[in-house]
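*Asks:* sequence and predicted structure are below.
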Amino acid sequence: MKTFDNYSFKDKKALIRVDFNVPLNDKYKITDATRINAAIPTIKKILDDGGSVILMSHLGRPKQGPEEKFSLKHLINYLSEKLNTNVKFADDCIGDSAKNLAVDLKPGEILLLENLRFYEEETKGDEDFAKKLASLGDVYVNDAFGTAHRAHASTAVIAKFFPENKLFGYIMENELKNINKVLSEVKRPFTAILGGAKVSGKIEIINQLMNKVDNFIIGGGMMFTFIKAMGGNIGNSLIEADLLKVAIDTIEKAKEARINFYLPVDSVIANKFSNEADKKLANSYDIPDGWMGLDIGPKTCKKFADVIEKSKTILWNGPMGVFEMPNFEAGTKYIAEAITDATQNGAFSLVGGGDSVAAINKYNLKNKVSYVSTGGGAMLEYIEGKELPGILSIKD
Ligand code: AMP
(Lines give C-alpha, C1' and ligand atoms only; values in the text may rest on other atoms or scores of the structure.)
Protein backbone atom coordinates (compact mmCIF):
# COMPACT_ATOMS: atom_id res chain seq x y z
CA MET A 1 0.00 0.00 0.00
CA LYS A 2 1.29 3.41 -1.01
CA THR A 3 1.55 5.62 2.04
CA PHE A 4 2.29 9.29 2.14
CA ASP A 5 5.56 8.62 3.95
CA ASN A 6 6.95 6.05 1.55
CA TYR A 7 6.04 7.98 -1.62
CA SER A 8 8.84 10.10 -3.07
CA PHE A 9 7.74 13.49 -4.33
CA LYS A 10 11.14 14.28 -5.88
CA ASP A 11 10.69 16.49 -8.96
CA LYS A 12 6.91 16.04 -8.71
CA LYS A 13 4.31 18.79 -8.63
CA ALA A 14 1.93 17.77 -5.87
CA LEU A 15 -1.59 19.13 -6.09
CA ILE A 16 -2.90 19.11 -2.52
CA ARG A 17 -6.54 19.59 -1.55
CA VAL A 18 -6.23 21.25 1.83
CA ASP A 19 -8.89 22.61 4.16
CA PHE A 20 -7.90 26.25 4.56
CA ASN A 21 -11.43 27.31 5.40
CA VAL A 22 -10.23 29.49 8.29
CA PRO A 23 -12.12 32.29 10.00
CA LEU A 24 -11.07 35.85 9.00
CA ASN A 25 -11.92 39.09 10.82
CA ASP A 26 -13.21 42.23 9.08
CA LYS A 27 -9.62 43.25 8.27
CA TYR A 28 -9.09 39.86 6.60
CA LYS A 29 -6.73 38.68 9.33
CA ILE A 30 -6.85 34.98 10.26
CA THR A 31 -8.39 34.59 13.73
CA ASP A 32 -7.77 30.84 14.08
CA ALA A 33 -5.07 29.20 11.95
CA THR A 34 -5.51 25.67 13.34
CA ARG A 35 -6.49 24.21 9.98
CA ILE A 36 -3.54 25.76 8.15
CA ASN A 37 -1.09 24.70 10.84
CA ALA A 38 -2.37 21.14 10.67
CA ALA A 39 -1.44 20.90 6.98
CA ILE A 40 2.15 22.14 7.39
CA PRO A 41 3.74 18.67 7.94
CA THR A 42 2.16 17.41 4.69
CA ILE A 43 3.48 20.40 2.76
CA LYS A 44 6.94 20.16 4.32
CA LYS A 45 7.34 16.45 3.56
CA ILE A 46 6.75 17.16 -0.15
CA LEU A 47 9.19 20.08 -0.19
CA ASP A 48 11.79 18.06 1.76
CA ASP A 49 11.53 15.27 -0.82
CA GLY A 50 12.45 17.78 -3.54
CA GLY A 51 8.96 18.33 -4.90
CA SER A 52 6.83 21.43 -5.37
CA VAL A 53 3.39 22.12 -3.92
CA ILE A 54 0.17 23.46 -5.41
CA LEU A 55 -2.41 24.21 -2.72
CA MET A 56 -6.12 24.28 -3.44
CA SER A 57 -8.92 24.96 -0.98
CA HIS A 58 -12.28 26.56 -0.49
CA LEU A 59 -12.94 29.45 1.89
CA GLY A 60 -16.41 30.33 3.13
CA ARG A 61 -19.50 30.03 1.00
CA PRO A 62 -19.23 32.43 -1.96
CA LYS A 63 -22.57 32.62 -3.75
CA GLN A 64 -21.80 33.68 -7.29
CA GLY A 65 -18.22 34.00 -8.40
CA PRO A 66 -15.35 35.87 -6.74
CA GLU A 67 -15.85 37.86 -3.53
CA GLU A 68 -13.07 39.82 -1.85
CA LYS A 69 -13.87 38.52 1.62
CA PHE A 70 -13.50 34.91 0.47
CA SER A 71 -10.24 35.37 -1.43
CA LEU A 72 -7.44 33.00 -0.48
CA LYS A 73 -4.96 35.80 -1.12
CA HIS A 74 -5.59 36.83 2.51
CA LEU A 75 -3.67 33.70 3.51
CA ILE A 76 -0.50 34.38 1.48
CA ASN A 77 1.39 36.30 4.18
CA TYR A 78 0.62 33.86 6.95
CA LEU A 79 1.61 30.88 4.80
CA SER A 80 4.78 32.55 3.56
CA GLU A 81 5.86 33.29 7.14
CA LYS A 82 4.94 29.87 8.40
CA LEU A 83 6.78 28.07 5.59
CA ASN A 84 9.63 30.53 5.40
CA THR A 85 9.33 31.08 1.66
CA ASN A 86 7.45 33.37 -0.75
CA VAL A 87 4.23 31.57 -1.51
CA LYS A 88 3.07 32.33 -5.08
CA PHE A 89 -0.58 33.00 -5.82
CA ALA A 90 -2.80 32.30 -8.83
CA ASP A 91 -5.78 34.66 -8.74
CA ASP A 92 -7.86 32.12 -10.64
CA CYS A 93 -7.72 28.42 -9.78
CA ILE A 94 -7.95 27.34 -13.44
CA GLY A 95 -7.09 29.04 -16.75
CA ASP A 96 -3.86 30.24 -18.37
CA SER A 97 -2.43 32.15 -15.43
CA ALA A 98 -2.73 29.21 -13.05
CA LYS A 99 -1.37 26.87 -15.74
CA ASN A 100 1.67 29.09 -16.43
CA LEU A 101 2.47 29.52 -12.75
CA ALA A 102 2.20 25.75 -12.26
CA VAL A 103 4.42 24.99 -15.26
CA ASP A 104 7.10 27.38 -13.96
CA LEU A 105 7.02 26.00 -10.41
CA LYS A 106 10.44 24.71 -9.27
CA PRO A 107 11.20 22.10 -6.61
CA GLY A 108 10.85 23.70 -3.18
CA GLU A 109 8.29 26.25 -4.39
CA ILE A 110 4.64 26.66 -3.36
CA LEU A 111 1.72 27.93 -5.37
CA LEU A 112 -1.62 28.77 -3.75
CA LEU A 113 -4.70 28.75 -5.99
CA GLU A 114 -7.64 31.13 -5.57
CA ASN A 115 -10.83 29.86 -3.89
CA LEU A 116 -12.19 26.78 -5.69
CA ARG A 117 -15.76 27.74 -4.80
CA PHE A 118 -15.57 30.86 -6.96
CA TYR A 119 -16.67 28.27 -9.53
CA GLU A 120 -19.98 26.54 -8.89
CA GLU A 121 -18.47 23.60 -10.78
CA GLU A 122 -16.51 22.79 -7.63
CA THR A 123 -19.46 21.87 -5.41
CA LYS A 124 -21.31 20.37 -8.38
CA GLY A 125 -18.46 17.93 -8.85
CA ASP A 126 -18.04 18.98 -12.48
CA GLU A 127 -15.71 16.61 -14.31
CA ASP A 128 -14.39 19.12 -16.80
CA PHE A 129 -13.48 21.53 -13.99
CA ALA A 130 -11.79 18.69 -12.10
CA LYS A 131 -9.80 17.84 -15.23
CA LYS A 132 -8.58 21.42 -15.55
CA LEU A 133 -7.44 21.40 -11.94
CA ALA A 134 -5.82 18.00 -12.44
CA SER A 135 -3.77 19.32 -15.37
CA LEU A 136 -1.79 21.49 -12.94
CA GLY A 137 -0.04 18.68 -11.03
CA ASP A 138 1.61 15.25 -11.38
CA VAL A 139 0.27 13.74 -8.17
CA TYR A 140 -2.89 14.37 -6.16
CA VAL A 141 -2.91 14.49 -2.37
CA ASN A 142 -6.16 14.77 -0.44
CA ASP A 143 -5.56 16.21 3.01
CA ALA A 144 -8.95 17.83 3.59
CA PHE A 145 -10.77 15.52 5.98
CA GLY A 146 -13.40 18.17 6.76
CA THR A 147 -14.75 17.96 3.19
CA ALA A 148 -14.21 14.23 2.62
CA HIS A 149 -17.97 13.61 2.86
CA ARG A 150 -18.59 15.85 -0.15
CA ALA A 151 -18.36 14.62 -3.77
CA HIS A 152 -16.86 17.87 -4.99
CA ALA A 153 -14.56 18.33 -7.98
CA SER A 154 -11.41 18.86 -5.92
CA THR A 155 -12.21 16.41 -3.10
CA ALA A 156 -13.28 13.35 -5.05
CA VAL A 157 -13.87 13.68 -8.81
CA ILE A 158 -10.32 14.85 -9.51
CA ALA A 159 -8.78 11.60 -8.20
CA LYS A 160 -9.74 9.69 -11.34
CA PHE A 161 -7.19 11.73 -13.31
CA PHE A 162 -4.40 10.34 -11.12
CA PRO A 163 -5.01 6.58 -11.23
CA GLU A 164 -1.46 5.73 -10.14
CA ASN A 165 -0.61 8.85 -8.19
CA LYS A 166 -3.24 9.66 -5.59
CA LEU A 167 -2.67 9.64 -1.85
CA PHE A 168 -3.97 10.78 1.50
CA GLY A 169 -1.87 13.40 3.29
CA TYR A 170 -0.89 13.17 6.96
CA ILE A 171 -4.12 14.76 8.26
CA MET A 172 -6.28 12.28 6.40
CA GLU A 173 -4.11 9.30 7.39
CA ASN A 174 -4.22 10.39 11.02
CA GLU A 175 -7.96 11.01 11.10
CA LEU A 176 -8.71 7.59 9.62
CA LYS A 177 -6.26 5.82 11.91
CA ASN A 178 -7.77 7.43 15.01
CA ILE A 179 -11.41 7.09 14.07
CA ASN A 180 -10.80 3.44 13.21
CA LYS A 181 -9.69 2.93 16.79
CA VAL A 182 -13.25 3.43 17.97
CA LEU A 183 -14.71 1.43 15.08
CA SER A 184 -12.55 -1.65 14.81
CA GLU A 185 -9.97 -1.81 17.58
CA VAL A 186 -12.27 -1.11 20.50
CA LYS A 187 -11.14 -1.73 24.06
CA ARG A 188 -14.10 -2.17 26.41
CA PRO A 189 -16.08 -0.70 28.00
CA PHE A 190 -16.84 1.67 25.11
CA THR A 191 -18.86 4.76 26.00
CA ALA A 192 -20.40 7.19 23.52
CA ILE A 193 -21.26 10.58 25.00
CA LEU A 194 -23.68 12.51 22.86
CA GLY A 195 -25.06 15.99 23.41
CA GLY A 196 -25.83 19.15 21.52
CA ALA A 197 -29.10 20.60 20.46
CA LYS A 198 -30.88 18.02 18.38
CA VAL A 199 -31.70 14.32 18.34
CA SER A 200 -32.26 14.52 14.58
CA GLY A 201 -28.59 15.26 13.95
CA LYS A 202 -27.44 12.36 16.13
CA ILE A 203 -29.94 9.59 15.53
CA GLU A 204 -27.98 7.92 12.73
CA ILE A 205 -24.83 7.83 14.78
CA ILE A 206 -26.76 6.35 17.71
CA ASN A 207 -28.10 3.64 15.41
CA GLN A 208 -24.69 2.94 13.97
CA LEU A 209 -23.12 2.66 17.42
CA MET A 210 -25.96 0.52 18.75
CA ASN A 211 -24.11 -2.75 18.39
CA LYS A 212 -20.72 -1.35 19.18
CA VAL A 213 -20.89 0.54 22.48
CA ASP A 214 -21.48 -0.61 26.04
CA ASN A 215 -22.82 2.73 27.25
CA PHE A 216 -24.66 5.67 25.76
CA ILE A 217 -24.56 8.89 27.75
CA ILE A 218 -27.04 11.49 26.56
CA GLY A 219 -26.95 15.16 27.54
CA GLY A 220 -27.55 18.57 25.94
CA GLY A 221 -30.81 19.79 24.47
CA MET A 222 -31.38 16.42 22.79
CA MET A 223 -31.94 14.66 26.12
CA PHE A 224 -35.34 16.31 26.57
CA THR A 225 -36.89 14.55 23.60
CA PHE A 226 -35.96 11.25 25.28
CA ILE A 227 -37.22 12.40 28.68
CA LYS A 228 -40.50 13.66 27.24
CA ALA A 229 -40.90 10.37 25.35
CA MET A 230 -40.56 8.56 28.68
CA GLY A 231 -43.36 10.62 30.18
CA GLY A 232 -41.34 13.37 31.90
CA ASN A 233 -42.36 17.00 32.18
CA ILE A 234 -39.80 19.10 30.39
CA GLY A 235 -41.34 22.59 30.70
CA ASN A 236 -40.08 24.83 27.90
CA SER A 237 -36.96 22.77 27.19
CA LEU A 238 -35.90 21.98 23.65
CA ILE A 239 -38.06 19.28 22.04
CA GLU A 240 -38.39 17.58 18.68
CA ALA A 241 -41.99 16.47 18.95
CA ASP A 242 -41.86 14.45 15.73
CA LEU A 243 -39.12 12.25 17.17
CA LEU A 244 -40.83 11.00 20.32
CA LYS A 245 -41.45 7.58 18.81
CA VAL A 246 -37.92 7.38 17.45
CA ALA A 247 -36.66 8.24 20.93
CA ILE A 248 -38.66 5.45 22.59
CA ASP A 249 -37.63 2.95 19.91
CA THR A 250 -34.00 3.90 20.44
CA ILE A 251 -34.23 3.32 24.19
CA GLU A 252 -35.92 -0.04 23.51
CA LYS A 253 -33.26 -1.08 21.00
CA ALA A 254 -30.52 -0.23 23.48
CA LYS A 255 -32.26 -2.29 26.15
CA GLU A 256 -32.52 -5.29 23.81
CA ALA A 257 -28.86 -4.95 22.92
CA ARG A 258 -28.04 -4.78 26.65
CA ILE A 259 -26.51 -1.34 26.27
CA ASN A 260 -26.76 1.05 29.19
CA PHE A 261 -28.62 4.17 28.13
CA TYR A 262 -27.88 6.92 30.62
CA LEU A 263 -30.09 10.01 30.72
CA PRO A 264 -29.72 12.93 33.14
CA VAL A 265 -31.51 12.82 36.47
CA ASP A 266 -31.16 16.50 37.38
CA SER A 267 -30.91 19.65 35.30
CA VAL A 268 -29.94 23.28 35.72
CA ILE A 269 -33.06 25.09 34.62
CA ALA A 270 -33.57 28.73 33.57
CA ASN A 271 -36.59 30.98 33.12
CA LYS A 272 -35.29 32.22 29.76
CA PHE A 273 -32.60 31.34 27.19
CA SER A 274 -30.02 33.77 28.52
CA ASN A 275 -26.93 33.76 30.69
CA GLU A 276 -28.70 36.36 32.87
CA ALA A 277 -31.76 34.15 33.43
CA ASP A 278 -32.81 33.09 36.94
CA LYS A 279 -31.57 29.55 37.46
CA LYS A 280 -32.17 26.65 39.83
CA LEU A 281 -31.85 22.87 40.00
CA ALA A 282 -34.69 20.51 39.12
CA ASN A 283 -35.42 16.85 38.57
CA SER A 284 -34.94 16.36 34.80
CA TYR A 285 -38.33 14.58 34.65
CA ASP A 286 -40.18 17.34 36.47
CA ILE A 287 -39.32 20.72 35.01
CA PRO A 288 -41.96 23.38 35.78
CA ASP A 289 -43.77 25.19 32.98
CA GLY A 290 -42.01 28.39 31.98
CA TRP A 291 -38.59 26.89 32.76
CA MET A 292 -36.11 25.16 30.47
CA GLY A 293 -33.16 22.85 31.08
CA LEU A 294 -29.91 24.41 29.90
CA ASP A 295 -27.34 22.17 31.57
CA ILE A 296 -27.03 18.83 33.35
CA GLY A 297 -27.07 19.01 37.16
CA PRO A 298 -24.45 17.90 39.72
CA LYS A 299 -25.98 14.46 40.45
CA THR A 300 -25.96 13.72 36.72
CA CYS A 301 -22.38 14.92 36.41
CA LYS A 302 -21.26 12.45 39.09
CA LYS A 303 -23.27 9.60 37.61
CA PHE A 304 -21.92 10.23 34.10
CA ALA A 305 -18.35 10.72 35.32
CA ASP A 306 -18.53 7.42 37.13
CA VAL A 307 -19.32 5.60 33.88
CA ILE A 308 -16.76 7.60 31.89
CA GLU A 309 -13.95 6.96 34.33
CA LYS A 310 -14.44 3.20 34.05
CA SER A 311 -14.39 3.30 30.23
CA LYS A 312 -11.51 2.23 28.01
CA THR A 313 -12.81 3.78 24.76
CA ILE A 314 -14.68 7.10 24.70
CA LEU A 315 -16.32 8.98 21.87
CA TRP A 316 -17.60 12.47 22.65
CA ASN A 317 -19.78 14.50 20.33
CA GLY A 318 -21.85 17.47 21.47
CA PRO A 319 -21.91 19.60 24.65
CA MET A 320 -23.93 18.67 27.76
CA GLY A 321 -25.53 22.11 27.98
CA VAL A 322 -25.41 25.64 26.61
CA PHE A 323 -21.69 25.85 27.40
CA GLU A 324 -21.31 29.14 25.49
CA MET A 325 -23.08 30.78 28.47
CA PRO A 326 -20.86 30.71 31.60
CA ASN A 327 -23.85 30.01 33.88
CA PHE A 328 -24.66 26.83 31.98
CA GLU A 329 -21.22 25.44 31.19
CA ALA A 330 -20.48 23.50 34.38
CA GLY A 331 -21.84 20.18 33.10
CA THR A 332 -19.90 20.26 29.84
CA LYS A 333 -16.72 21.19 31.69
CA TYR A 334 -17.21 18.45 34.28
CA ILE A 335 -17.71 15.81 31.59
CA ALA A 336 -14.73 17.09 29.57
CA GLU A 337 -12.59 16.71 32.68
CA ALA A 338 -13.94 13.22 33.37
CA ILE A 339 -12.88 12.29 29.82
CA THR A 340 -9.37 13.64 30.37
CA ASP A 341 -9.14 11.75 33.69
CA ALA A 342 -10.13 8.53 31.95
CA THR A 343 -7.58 9.23 29.23
CA GLN A 344 -4.89 9.66 31.84
CA ASN A 345 -5.85 6.24 33.17
CA GLY A 346 -5.28 4.66 29.77
CA ALA A 347 -8.56 5.11 27.89
CA PHE A 348 -8.58 6.10 24.22
CA SER A 349 -10.73 9.24 23.83
CA LEU A 350 -11.90 10.67 20.53
CA VAL A 351 -13.55 14.09 20.51
CA GLY A 352 -15.23 15.34 17.37
CA GLY A 353 -17.96 17.60 16.09
CA GLY A 354 -17.76 21.37 16.06
CA ASP A 355 -19.10 22.18 19.49
CA SER A 356 -17.35 19.54 21.54
CA VAL A 357 -14.10 20.60 19.89
CA ALA A 358 -14.92 24.22 20.80
CA ALA A 359 -15.57 23.10 24.39
CA ILE A 360 -12.31 21.13 24.63
CA ASN A 361 -10.46 24.20 23.36
CA LYS A 362 -12.32 26.53 25.73
CA TYR A 363 -11.15 24.49 28.73
CA ASN A 364 -7.62 24.00 27.33
CA LEU A 365 -7.94 20.23 27.40
CA LYS A 366 -6.93 19.50 23.80
CA ASN A 367 -3.66 17.85 24.80
CA LYS A 368 -5.31 15.75 27.48
CA VAL A 369 -7.58 13.72 25.19
CA SER A 370 -6.26 11.11 22.76
CA TYR A 371 -7.47 12.68 19.55
CA VAL A 372 -9.53 15.66 18.42
CA SER A 373 -11.04 15.15 14.99
CA THR A 374 -10.98 18.23 12.75
CA GLY A 375 -13.86 17.22 10.52
CA GLY A 376 -17.16 17.27 12.40
CA GLY A 377 -19.60 16.29 9.65
CA ALA A 378 -17.12 14.01 7.92
CA MET A 379 -16.28 12.24 11.18
CA LEU A 380 -19.93 11.62 11.99
CA GLU A 381 -20.65 10.26 8.52
CA TYR A 382 -17.60 8.00 8.67
CA ILE A 383 -18.70 6.60 12.02
CA GLU A 384 -22.24 6.24 10.69
CA GLY A 385 -20.70 3.78 8.23
CA LYS A 386 -21.16 5.88 5.10
CA GLU A 387 -18.67 5.69 2.25
CA LEU A 388 -17.09 9.13 2.06
CA PRO A 389 -16.45 10.18 -1.56
CA GLY A 390 -13.11 11.77 -0.67
CA ILE A 391 -11.89 8.52 0.86
CA LEU A 392 -13.39 6.16 -1.68
CA SER A 393 -11.86 8.04 -4.62
CA ILE A 394 -8.36 7.52 -3.24
CA LYS A 395 -8.87 3.89 -2.19
CA ASP A 396 -10.44 2.78 -5.48
P1 AMP B 1 -25.09 20.49 17.95
O2 AMP B 1 -24.59 21.35 16.85
O3 AMP B 1 -26.35 19.75 17.65
O4 AMP B 1 -24.00 19.61 18.53
O5 AMP B 1 -25.54 21.49 19.11
C6 AMP B 1 -24.64 22.31 19.81
C7 AMP B 1 -25.44 23.38 20.49
O8 AMP B 1 -26.38 22.81 21.36
C9 AMP B 1 -24.60 24.32 21.34
O10 AMP B 1 -24.58 25.58 20.72
C11 AMP B 1 -25.31 24.34 22.66
O12 AMP B 1 -25.47 25.64 23.17
C13 AMP B 1 -26.66 23.76 22.35
N14 AMP B 1 -27.27 23.16 23.53
C15 AMP B 1 -26.73 22.28 24.39
N16 AMP B 1 -27.56 21.98 25.38
C17 AMP B 1 -28.69 22.69 25.18
C18 AMP B 1 -29.92 22.81 25.87
N19 AMP B 1 -30.15 22.14 26.99
N20 AMP B 1 -30.86 23.63 25.36
C21 AMP B 1 -30.61 24.31 24.23
N22 AMP B 1 -29.47 24.24 23.51
C23 AMP B 1 -28.51 23.44 23.98
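*Replies:* Nice, thanks for sending it over.
*Asks:* what is the burial count for Lys279?
*Replies:* Around Lys279 there are 17 other residues, counting by other Cβ atoms under 10 Å. Any C-beta I mention is one placed from the backbone N, CA and C, and that applies to glycine too.
*Asks:* kindly report the same for the one 10 residues further on.
*Replies:* Neighbour count of Asp289, defined by other Cβ under 10 Å: 8.
*Asks:* per-residue pLDDT, it?
*Replies:* For Asp289, the model assigns a pLDDT of 97.
*Asks:* check the one 3 residues further on too.
*Replies:* The model reports Met292 with a pLDDT of 98.
*Asks:* who's in contact with the closest residue to the ligand within the stretch 201-350 of the chain?
*Replies:* With distances taken as Cβ to the nearest ligand atom, the stretch 201-350 of the chain approaches the ligand most closely at Gly221, which sits 3.3 Å away. Neighbouring residues of Gly221 by Cβ atoms under 8 Å, 6 or more residues apart in numbering: 195-198, 237-238, 322.
*Asks:* surely it is in a strand?
*Replies:* No. With DSSP: H, G, I helix; E, B strand; the rest coil as the criterion, Gly221 is coil rather than part of a strand.
*Asks:* and it, how far from Ala197?
*Replies:* 4 Å (Cβ to Cβ, to the nearest Å).
*Asks:* Asp26 - how many residues pack around it?
*Replies:* Using other Cβ under 10 Å, the number of residues around Asp26 comes to 6.
*Asks:* SS state for it?
*Replies:* Reducing the assignment at Asp26 to three states with three-state DSSP gives coil.
*Asks:* residues contacting it?
*Replies:* Contacts here follow Cβ under 8 Å, 6+ apart; on that basis Asp26 touches nothing.
*Asks:* sorry, back to before: now do the shared contacts for Gly221 and Ala197.
*Replies:* Common neighbours of Gly221 and Ala197 (criterion: Cβ under 8 Å, 6+ apart): Leu238.
*Asks:* what's the neighbour count on the closest residue to Phe226 other than its chain neighbours?
*Replies:* The shortest distance from Phe226 to any non-neighbouring residue, by Cβ to Cβ, 6 or more residues apart in numbering, is to Ala247 (4.7 Å). Residues within reach of Ala247, counting by other Cβ under 10 Å, total 23.
*Asks:* under a three-state scheme, what state does Ala247 occupy?
*Replies:* Reduced to three states by three-state DSSP, Ala247 is helix.
*Asks:* hang on, isn't it packed against Ala229?
*Replies:* Yes. At 3.9 Å, Ala247 counts as touching Ala229 under the criterion of Cβ atoms under 8 Å.
*Asks:* would you mind listing what in the stretch 201-350 of the chain touches the ligand?
*Replies:* Residues of the stretch 201-350 of the chain lying close to the ligand (Cβ under 6 Å from any ligand atom) are 201, 220-221, 238, 293-294, 318-319, 321-322, 324.
*Asks:* now name the helix or strand holding Asn361.
*Replies:* Following DSSP states H and E, one finds Asn361 within helix 354-362.
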